[in-house]
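> Fold the stuff below for me.
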Amino acid sequence: MIDAYSRDPMGDGAPLSSQARERLIPGLRQHPTTLILLAYDADVPVGIAVCFRGFSTFAAMPLLNLHDVSVVPSHRGRGVGRILLAAVEAKARELGCCKLTLEVLDRNDRALRTYTAAGFKRYALQPGAGEAIFLTKPLN
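Sure thing, here's the model as predicted:
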């Protein structure tokens, strides 16, 4: 499922490297806060939500970050993403999380509509301070 997401234009646009494919499952299993939800159509996986538990210092409570959310192209527009998000939210509530977080490409209109419909919005800590910006610094 992650390789399919990686190949998508809204993913990396290319397959996972052989090194990433080799390390992915063992790495996720070893990471202590990993939570993965899969959506199936009969016996075929059609959607995935890879989440990691984090912590909100301001709320002093756990949070759940949706790191990867993907639905295979053949099942988009059928509500799979909405069902995955609802399942993630239910699990986060069960875990006592104060919020869900995620990042999304600003041109991924389909995902933005799905997230907005599910209640996600751009993050601003307080009025006038501006919206949060996602930054990254590769360490390779």
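> Next, the nearest residue to A92 once chain neighbours are set aside: secondary structure please.
In this structure, A92 finds its nearest non-sequential neighbour in L64, 4.1 Å apart by CB to CB, 6 or more residues apart in numbering. In this view, the C-beta of every residue, glycine as well, is placed from N, C-alpha and C. For L64, the secondary structure call by DSSP: H, G, I helix; E, B strand; the rest coil comes out as strand.
> ok, now how distant is L64 from A39?
Note on L64: its distance to A39, by CB to CB, to the nearest Å, is 17 Å.
> what distance separates stretch 4-11 from the centre of its chain?
Mean-position distance between stretch 4-11 and its chain equals 13 Å (CA atoms, centre = their mean, to the nearest Å).
> What residues of that stretch count as buried?
Neighbour-count burial for stretch 4-11, counted by 16 or more other CB atoms under 10 Å, picks out 4-6, 11.
> who's the residue nearest to A92 bridged to?
In this entry, L64 is beta-bridged to R53, L100, by DSSP bridges.
> count of neighbours near it?
Counted with other CB atoms under 10 Å, the burial measure for L64 works out to 24 neighbours.
> Surely it and S56 touch.
No. Counting by CB atoms under 8 Å, L64 does not reach S56; the two are 10.4 Å apart.
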